[in-house]
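S.K.: Here's my sequence, what's the structure:
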Amino acid sequence: MKQIKFFTLLLALVGAFSLKASAQDVTTQNMATIRAAYDALNRKDWAGFAALCDPNFTDMNVGPAPAVGINAALELYKQFQTAFPDFKITINEIAAASPTRFLLRVTVSGTNTGSFMGLPPTGKPMRFDDADVVEMNANGKAISHAITNLGEPLVQIGYASMLNPSTQVVMSIYEKFGKGDVPGILASSTDDVMFDIQDRMFDSKPRQFKGKAEVGKFFQELGSKFQYTKFQPTRFVADGDDVFILIDAEYKLLATGKTYASTYTHHFKIVNGKVAFFRGLDDFQMMK
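M.R.: Below you'll find the model as predicted:
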C-alpha cells in the first residue's frame, strides 16, 4: 500500500512538472513569436507579420477605431510607415502575465516626412516609451494588440489639437464634405446652426446662413459655383469647443472656367458634439 501511494505521488509530481515545463515552453515560444512580429513590422515585411497572426487579429486602439482582421490592421500599420518612413519599435522588455498574455515595454521612434491622418508632414521627429499588450491564442498566433500612450505621436509632431474631441467632429465634417454628404453634415449640426461665409469669390459681401435648411442651400450654391480639386487642412488649433483650421484649396470657378488657389481660415464651434457655428474666410485668391 505504501508503495502504491509513493508511486501515485511520484506520478502526480511528474505530471505537475510536465505541465509547468509545457507552460514555460508555450510562454517562451510566444515571446519569440512576438519579437519576430515586431521585427517584421520594422522591416515592412507585411506577409511575414501576417503569418504570425490569427486572421481575426485586432489592433485595439492604434487607430481612431479598432482595426478588426489582419488586413485592416496591416492597412493601419502601412499608414504609419508612410507617415514615418523610418518608423521603428524597439522592444526593451517582455513580461508574461500568463502563457498567452504579454506586457511589453517598448520605444517608438520615427520622423514625420509623409502625410499622417490626412495631415501634411511636419518634418518633426518623435521618440517616446510605451507599454503594449499582446494576446496570443492557443495556436501560438497573435490575436490582439493594444497600446497605452495613444496620442503621443500627434503631440510630438505638432498636431496635439487633433486629440481634442471637437477637432474630431470637424475632421468628420471635412470627410463628409469630401464625399459630398451634405445630409451627413446637417445631421452633425445643431438645429440653429449658423454659417458665416466671408469669401469674395462666393459673393461680394459676407453672408450668413441660419438653420439647417439655409445651410443646406449654402452647400447647393457652393456646388453650383465651385469645383474643388484640392481641399487640404494644414493646421489645427483647438481650444475647448472652438477649432481653428487653415485650408489649402484649389478650385475652378464654374462661371468662368478659371482656376484659383486660396488659403481658407475656418472657425468651428462645437456644442455637445455637433457644429453650432462656422465661419469661413478666404485670403486673396491667386489665379493659377
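
S.K.: The stretch 1-150 of the chain: strands as residue ranges?
M.R.: For the stretch 1-150 of the chain, the strands defined by DSSP state E, counting those that start in this stretch cover 53-59, 67-68, 88-98, 101-111, 125-136, 142-146.

S.K.: Parallel or antiparallel, which strands does the shortest one pair with?
M.R.: Pointing back at strand 67-68 there. Partner strands and pairing direction for strand 67-68 (DSSP bridges) are strand 53-59 (antiparallel).

S.K.: got the angle between the partner strand and strand 125-136?
M.R.: 120 degrees (axes from the mean of the first three to the mean of the last three Cα atoms, to 10 degrees).

S.K.: what residues does strand 53-59 touch?
M.R.: Contacts of strand 53-59 with the rest of the structure, by Cβ atoms under 8 Å, 6 or more residues apart in numbering, involve 37, 66-70, 72-73, 76, 137, 139, 141-146. All C-beta atoms are positioned from the backbone trio N, CA, C, and that covers glycine.

S.K.: what about the closest residue in space to P165 that isn't next to it in sequence, neighbour count?
M.R.: For P165, the nearest residue in space outside its immediate sequence neighbours is G273; the separation is 7.4 Å by Cβ to Cβ, 6 or more residues apart in numbering. Each residue near G273 was counted by other Cβ atoms under 10 Å, and the total is 12.

S.K.: Return the distance of G273 relative to V170.
M.R.: Distance of G273 to V170, computed by Cβ to Cβ, to the nearest Å: 11 Å.

S.K.: Next: D86.
M.R.: Here the distance between D86 and V170 works out to 30 Å (Cβ to Cβ).

S.K.: and these two? which has more neighbours close in?
M.R.: Applying other Cβ under 10 Å to D86 and V170 shows that V170 carries more neighbours, namely 24 against 12.

S.K.: where's that one, which helix or strand?
M.R.: helix 165-178 (DSSP states H and E).

S.K.: Now the next helix or strand after that helix: average pLDDT?
M.R.: Following the chain from helix 165-178 toward its C-terminal end, the next helix or strand by DSSP H and E is helix 182-187. Here helix 182-187 scores 96 as its mean pLDDT.

S.K.: What are the buried residues along helix 182-187?
M.R.: If you call a residue buried by 16 or more other Cβ atoms under 10 Å, then helix 182-187 has these buried ones: 182, 185-186.

S.K.: Now distance to L52 too, for these, in TSV please.
M.R.: What follows is the buried residues of helix 182-187, written out as TSV (distance: Cβ to Cβ, whole Å):
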residue	distance to L52
V182	45
I185	42
L186	46
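
S.K.: Show me which of these is closest to K44.
M.R.: Among these, I185 lies closest to K44 (Cβ to Cβ), at 37.3 Å.

S.K.: OK, contacts around the closest one?
M.R.: The contact partners of I185, taken as Cβ under 8 Å, 6+ apart, are 173, 176-177, 215, 219, 275.

S.K.: Okay, and the beta partners of the closest residue to N92 other than its chain neighbours?
M.R.: The shortest distance from N92 to any residue that is not its chain neighbour, by Cβ to Cβ, 6+ apart, is 4.6 Å, and that residue is R105. With DSSP bridges applied, the residues forming beta bridges to R105 are E93, A131.

S.K.: Would you mind measuring from R105 to F80?
M.R.: To F80, R105 is 20 Å away according to Cβ to Cβ.

S.K.: Give me the more crowded residue out of these two.
M.R.: Set side by side, R105 and F80 show more neighbours around F80, with 19 against 14, by other Cβ under 10 Å.
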